[in-house]
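1. what's the 3D shape of this:
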Amino acid sequence: MIDHDHRPWTFLTSHARVLMIISQNPNIRVRDTAAIAGLTERSTQRIVADLESADYLRRERIGRRNHYTIRTRETLRHPHEQDVEIGLLLELFSKAPSGAPDNNVHR
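-> Numbering: from 1, shown residues only. Next up, the predicted model:
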């Protein structure tokens, strides 16, 4: 029986979801990322800032848009997963076919 009184939870955090969305479109706007993730624009901006400060993500301004580069060799933060590279998580949830050469960044 499903309990509809409780808010449903998901396995992936909002940070993981935002990172995966950006990995699929490195030129995506924060507004569009928020819409896809089901988050507010403000919370998405905070998540992007968190990911940048943790060195998972780099932002470069190109004209009026941002371009994001994901540092796929950075590892997860929790002590039990600190040996797992973020690129493995992205590959696991990627809709793109695997087999692309690994060059330490995901553009």
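2. now the residue nearest to the spatial centre of the chain: which helix or strand?
-> Centroid-nearest residue in the chain: residue 19, 0.5 Å away (criterion: CA atoms, centre = their mean). Secondary structure assignment for residue 19, by DSSP states H and E: helix 14-24.
3. hmm, back to that, how about the contacts made by the residue nearest to the centre of the chain?
-> Going by CB atoms under 8 Å, 6 or more residues apart in numbering, residue 19 touches 51, 56-57, 70, 86, 90. No exception for glycine: its C-beta is placed from N, CA and C like everyone else's.
4. ditto for residue 63
-> For residue 63, the contact set (CB under 8 Å, 6+ apart) is empty.
5. would you mind measuring from it to residue 27?
-> 10 Å (CB to CB, to the nearest Å).
6. just the strands from this structure, written as ranges.
-> With DSSP state E, the ranges of strands along the chain come out as 57-62, 65-71, 105-106.
7. mind listing the helices for this protein?
-> 14-24, 30-37, 41-53, 86-93 (DSSP state H).
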